[in-house]
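Novice: sequence-free structure coming up:
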């Protein structure tokens, strides 16, 4: 029996929560990696990932000698932390290792790489920005699962400078995790996800927060049915992560919000003026689209 | 073996779609009713309900002689149709039969009853407004299911004039269908559901409609993940029914919308001004509430 070659002999996971932990666990279970090192700002988190079998070894910091032979680094941390973390680790990592990430925004990642390129020339050549469309309200290493990326989309947004060989390595790694890989420019990615992911999260958070402001709001929400349950599910997501995303993708998000506000105002006017035909036309367009929508 | 007494020997269902059809089917399967007559504006709909076994007999119109011995009438039609339909049927229905409904708004039902009370004195004494919290995106007789009200809430909003005996009859009927019955004033009901049901529907419809206005909006939504899926599920609901609800409960809905707009504007400001602490505080309040919320 000939065993398949591993994608990476030694992989370093920076961030070992739901996403990072699931990448490690899935890659280990599928035999894509030989040895997985894990780093977290909070050492206890790395220890928990080790206990749960997500990683094989904890990294305490850039001083660790075991980093010198790492072949791939995956970042699953807030984009705000990319610059300080990369600045710390880049000097000790081998010059040929490939980087990818799992951040929900991509133009801001390119900005960070542009800033770091001066101090670390060639970084953009071996960094393949990625966004797996997976996640949920739960977070932390205990939420990690092996099948998280199976049949899920993963968008890669390589830069002009990114070497094709590295793009292929990262593409085949995600495919081996079960993901369907597609390619997009960073700005197009951010406009799309600002519209179909970030805005729904913004609206769900704003909705629950606004009802909580009502003196009887919490009592009202106790009576919520299945519609309320599903509409607000994403408002239970990590506030820190979503504050990051809202700030990092503010332009695309706020443009989409302005479009939403215009439509909301039109519907409000239609209700206030008993304009049944506009009201029914707008609702019908939405219902017709959403009724035939199916998840890819 | 002693069989339990039926709640109603003969029941007339006006409206035999998802809600009306499910009430009939559930009541028949549980032996709560002897014989169920069904009426729909469209005769084919009543025929379909008959074929599906939801009802035992179709009513063509108020001329039918079989209406004279009806004990209970349940209205599961848009509230806009209550007045013309009741005006048609009340003259031929027995003076002691009890009425209830399944409308999502309640103050407007009271308004209709106030208008009809002059022509049909005593109507308010035997009408028990009800709102079962059940439903979904599907509609029509084929969507009816026997267990729809099991463990679901049903709010009754009897008026001052409603006779206690009739309230008890309708209360025990809903309980026998498996529902948990609670009582509320009509205006309180409308404020609560304007906030936890009608506003989420408004926002979901407005969101999908606004994205469809974007030149690439439909393409964007194809990429929607689980968050998008659940957030927009209710935008596939019946446009006619929700246009009715938005118009019938416009005051409570638009008040809740104004509160939402204020919170949304606060979040937008926080993003525009890089006010991380406000942003994270508002998101955290929402996430903390929603994480511990469980459906009743």
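Specialist: Arrived safely. Model, not experiment: these values are computed from the prediction. Numbers count the residues shown, from 1 in each chain, chains lettered A, B, ... in the order given.
Novice: Does residue A:170 touch residue A:128 like I think?
Specialist: Yes: the pair residue A:170 and residue A:128 qualifies as a contact (C-beta atoms under 8 Å) at a distance of 4.0 Å. For glycine as for every other residue, the C-beta is placed from the backbone atoms N, C-alpha and C.
Novice: So for those two, which residues contact both of them?
Specialist: Counting by C-beta atoms under 8 Å, 6 or more residues apart in numbering or on different chains, the residues touching both residue A:170 and residue A:128 are A:98, A:100, A:156.
Novice: Strands - which of these land there?
Specialist: Assigned to strands by DSSP state E, the following of these qualify: A:98, A:100, A:156.
Novice: Provide a list of residues in contact with residue A:239.
Specialist: If you count contacts by C-beta under 8 Å, 6+ apart, then residue A:239 has B:280, B:283-284, B:286-287 around it.
Novice: could you pick out which of these are near chain A?
Specialist: Of the residues in the contacts of residue A:239, proximity to chain A by C-beta under 8 Å from any C-beta of the partner chain holds for B:280, B:283-284, B:286-287.
Novice: Just among the shared contacts of residue A:170 and residue A:128, which is most surrounded?
Specialist: residue A:100 (25 neighbours; other C-beta atoms under 10 Å in any protein chain shown).
Novice: ok, that one to chain B distance?
Specialist: Here the criterion is C-beta to the nearest C-beta, to the nearest Å. By it, residue A:100 lies 19 Å from chain B.
Novice: Looks like that residue contacts residue A:130 (just checking).
Specialist: Yes: using C-beta under 8 Å, residue A:100 is in contact with residue A:130, at 4.8 Å.
Novice: Which of the helices or strands spans residue A:111?
Specialist: For residue A:111, the host element (DSSP states H and E) is helix A:107-117.
Novice: Now the common contact residues for residue A:100 and residue A:130.
Specialist: Common contact partners of residue A:100 and residue A:130 (C-beta under 8 Å, 6+ apart): residue A:170.
Novice: just for chain A, where's the confidence low?
Specialist: Regions of chain A meeting the criterion pLDDT under 70 cover residues A:1-3, A:136-137.
Novice: Quick one: the strands in it, in order.
Specialist: Ranges of strands within chain A are A:8-14, A:33-39, A:57-58, A:72-75, A:98-101, A:127-128, A:130-132, A:153-156, A:180-183, based on DSSP E.
Novice: Remind me what the third one packs against, helices and strands.
Specialist: The helices and strands touching strand A:57-58, judged by 3 or more C-beta pairs under 8 Å, 6 or more residues apart in numbering or on different chains; DSSP states H and E, are strand A:33-39, helix A:43-51.
Novice: In TSV, list those along with mean neighbour count and distance to chain B.
Specialist: Listed next are the helices and strands packed on strand A:57-58 as TSV, based on neighbours: other C-beta atoms under 10 Å in any protein chain shown; distance: least, C-beta to the nearest C-beta, whole Å:
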stretch	mean neighbour count	distance to chain B
strand A:33-39	22	24
helix A:43-51	18	20
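Novice: Throw these into JSON lines and include distance to residue A:94, thanks.
Specialist: Shown next, in JSON lines, are those (distance: least, C-beta to C-beta, whole Å):
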{"stretch": "strand A:33-39", "distance to residue A:94": "13"}
{"stretch": "helix A:43-51", "distance to residue A:94": "21"}
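Novice: just to revisit the earlier point, mark which of the contacts of residue A:239 are part of helices, please.
Specialist: With DSSP state H as the criterion, helices contain B:280, B:283-284, B:286-287 from among those.
Novice: Find the pair from those with maximum spatial separation.
Specialist: B:280 and B:286 (10.9 Å; C-beta to C-beta).
Novice: okay, these two: which has more neighbours?
Specialist: When residue B:280 and residue B:286 are compared for neighbours, residue B:286 comes out ahead with 27 against 18, by other C-beta under 10 Å.
Novice: just the angle between the helix ranked longest in chain A and helix A:107-117, please?
Specialist: The longest helix of chain A (DSSP H) is helix A:250-272. Interaxial angle, helix A:250-272 versus helix A:107-117 (axes from the mean of the first three to the mean of the last three C-alpha atoms, to 10 degrees): 160 degrees.
Novice: So which residues make contact with helix A:250-272?
Specialist: With C-beta under 8 Å, 6+ apart, helix A:250-272 has contacts from A:190-191, A:193-195, A:198-199, A:202-203, A:246, A:275-276, A:278-279, A:282, B:202-203, B:205-207, B:209-211, B:213-214, B:246-247, B:250, B:253-254, B:257, B:261, B:264, B:268, B:271-272.
Novice: Can you verify my assumption that residue A:56 contacts residue A:25?
Specialist: No: applying C-beta under 8 Å as the test, residue A:56 and residue A:25 come out as separate, 11.3 Å apart.
Novice: Show me which of those two is the more surrounded one.
Specialist: For residue A:56 versus residue A:25, neighbours defined as other C-beta under 10 Å are more numerous around residue A:25 (23 against 17).
Novice: so where do the helices sit in the stretch 101-250 of chain A?
Specialist: Under the criterion DSSP state H, counting those that start in this stretch, the stretch 101-250 of chain A contains helices at A:107-117, A:164-176, A:186-193, A:199-213, A:217-222, A:226-232, A:239-248, A:250-272.
Novice: can you tell if the second one touches chain B?
Specialist: No: judged by C-beta under 8 Å from any C-beta, helix A:164-176 stays clear of chain B, getting no closer than 15.6 Å.
Novice: Name the residues of the stretch 51-200 of chain A found near chain B, please.
Specialist: Proximity of the stretch 51-200 of chain A to chain B is confined to A:133-134, A:136-137, A:152-153, A:191-193, A:195-197, A:199-200 under the rule C-beta under 8 Å from any C-beta.
Novice: Going through the residues you listed, which ones are buried?
Specialist: Using 16 or more other C-beta atoms under 10 Å in any protein chain shown as the burial test, those include A:133-134, A:136-137, A:152-153, A:191-193, A:195-197, A:199-200 as buried.
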